[in-house]
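Colleague: Return atomic coordinates for the entry below.
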Amino acid sequence: MARLTVESSPVDPGLHLETVELAAMRDMFAAAPESAAEALGIAARDVGGALCAAVAALPGARTFNRVAGLGVASEAGDADLDLVAAFYADLGLPFVISVAPGAQPPDLGERLAARGYEA
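Modeller: Residues are numbered from 1 along each chain as shown. Model (predicted):
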């Protein structure tokens, strides 16, 4: 009978998974043909290593109108949070911010809450 062994790792698997998801999202948005991007209002912007992704034709789609990787590649500062908010405000879209375990700074969730974002 096989045994399952769980080993601890000094590397946070959540951060690794976040970087995989971030790379996949970047590829997906970059792969959109120009005609589709224009017709659907597809937009993306890098902010401090995070990806702000948007599809204006799907304003309620949390999968597509969201920020991935915030605080993963580098610490998310107030200027980054301002740029994220401005990106979506310019598009007039609601959005979601995914905060990975281990994202920096450690109080990122609290800082987002102080800006009015809900968990």
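
Colleague: Could you pull out the strands in the chain for me?
Modeller: Remark: strands assigned in the chain by DSSP state E are 42-47, 50-55, 66-68, 96-97.

Colleague: so where's this protein uncertain?
Modeller: For the chain, the stretches with pLDDT under 70 are 1-11.

Colleague: so where's the longest helix in it?
Modeller: Using DSSP state H to define each element, the chain has its longest helix at helix 13-31.

Colleague: so what secondary structure elements neighbour that one?
Modeller: Packing contacts for helix 13-31, counted by 3 or more CB pairs under 8 Å, 6 or more residues apart in numbering; DSSP states H and E, involve strand 42-47, strand 50-55, strand 66-68. From N, CA and C alone the C-beta is placed, and that goes for glycine too.

Colleague: Now do the buried residues in the second one.
Modeller: Residues of strand 50-55 classed as buried by neighbour count (16 or more other CB atoms under 10 Å): 50-55.

Colleague: Name the strands paired with it and say parallel or antiparallel.
Modeller: strand 42-47 (antiparallel), strand 66-68 (antiparallel) (DSSP bridges).

Colleague: Could you check how far it is from the centre of its chain?
Modeller: Taking CA atoms, centre = their mean, to the nearest Å, one finds strand 50-55 lying 7 Å from the centre of the chain it belongs to.

Colleague: Give me every residue in contact with it, excluding its own residues.
Modeller: With contact meaning CB atoms under 8 Å, 6 or more residues apart in numbering, strand 50-55 is reached by 22, 25-26, 29, 40-46, 61, 64-73, 76, 80, 84, 87-88, 91, 93, 95.

Colleague: okay if I get the strands paired with strand 50-55 as CSV plus mean neighbour count and distance to residue 113?
Modeller: As requested, these are arranged in CSV below (neighbours: other CB atoms under 10 Å; distance: least, CB to CB, whole Å):
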stretch, mean neighbour count, distance to residue 113
strand 42-47, 18, 19
strand 66-68, 22, 15
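
Colleague: separation between the most centrally placed residue in the chain and residue 55?
Modeller: Most central in the chain under CA atoms, centre = their mean is residue 68, positioned 1.1 Å from the mean C-alpha point. Using CB to CB, to the nearest Å, residue 68 is found at 14 Å from residue 55.

Colleague: Likewise for residue 93?
Modeller: Distance from residue 93 to residue 55, counting by CB to CB: 8 Å.
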